[in-house]
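1. fold the following.
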Amino acid sequence: MQHIDNKVIKRIRGWGCGSVFTPNMFFDLGTRASIDKILSRFTQKGIIRRLSRGVYNLPKKHPVIGKLSPSPEAVAKAISGRDASKILPSGAYAANLLGLSTQIPAQIVFLTDGDSRTVRIENITIKLRHTTPKNMAVAGRVSGIVIQALKYFGKENVDTILIEKLKNILSSEDKVQLIKDFKFAPIWIVKIMSQIAEKDRNE
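-> Okay, here's the model as predicted:
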């Protein structure tokens, strides 16, 4: 058992402080029961912490604040990896990831093709919300985050300033991807995506 303990902690430390993981990421090292016991022991010793059922974290420590919360995306990715599902940031968090907003909302929503679920991490609530295959077709691509951010702002609130911000934020490769993914967006968003990618398409 000690041999497995060493392999588990070596893998965790290899991922680095702030990493989030689930028991299934160690099943090549031992049985489910043995891995659960090892993670439970490490939790009791304060080496790692349990964020929610079956979700753990190797805390990153701040010299003044102490243990820091892991990023919401790291938590969502760990859960989706465990469930073999995909995720896509949405709402205010999508806008934040693009740099269109500096605020991280207290409730962060990820769209998923897996089951809907809610995880509470200290003062932040992370929701995984089941959605349609069309929405998830752009998961893992910048165009998916852009579409969700624009939906969050709404048609009436997307002005030339916001469009210019996106033009400056996105790379030429990102803009090419926007064009490829027009078919996955509502018509009003396609028009905005077209404006964002306009210069690159004409070059």
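
2. residues near the closest residue to residue 23 other than its chain neighbours, how many?
-> Nearest in space to residue 23, with sequence neighbours left out and distances taken as CB to CB, 6 or more residues apart in numbering, is residue 35 at 4.9 Å. All C-beta spots, glycine's among them, are computed from the backbone N, C-alpha and C. When neighbours are defined as other CB atoms under 10 Å, residue 35 has 20 of them.

3. quick one, strands of this protein?
-> 20-21, 49-52, 55-57, 60-62, 66-68, 87-89, 107-112, 117-121, 124-130 (DSSP state E).

4. for the third one, name the packing helices and strands.
-> Think strand 55-57. Other elements packing on strand 55-57 under the criterion 3 or more CB pairs under 8 Å, 6 or more residues apart in numbering; DSSP states H and E are strand 20-21, strand 49-52, helix 72-83.

5. what's the separation between the residue nearest to residue 23 and residue 77?
-> Per CB to CB, to the nearest Å, residue 35 is found 19 Å from residue 77.

6. swap in residue 147?
-> 20 Å.

7. give the bridge partners for residue 61, please.
-> Using DSSP bridges, the bridge partners assigned to residue 61 are residue 67.

8. would you mind confirming that it makes contact with residue 49?
-> No. The pair residue 61 / residue 49 is not scored as a contact, 11.5 Å apart, by CB atoms under 8 Å.

9. hmm, back to that, please say which of residue 147 and residue 77 ends up with more neighbours.
-> Remark: of residue 147 and residue 77, residue 147 carries more neighbours, 25 against 15, as counted by other CB under 10 Å.

10. would you enumerate the residues in contact with the more buried one?
-> 138, 181, 184, 185, 189, 193 (CB atoms under 8 Å, 6 or more residues apart in numbering).

11. domain ranges for this protein, per the record?
-> Per automatic domain parsing, the structural domains of the chain span 2-68, 72-202.

12. just those domains: most buried one?
-> Most buried of these, by mean neighbour count (mean count of other CB atoms under 10 Å): domain 72-202, with a mean of 17.
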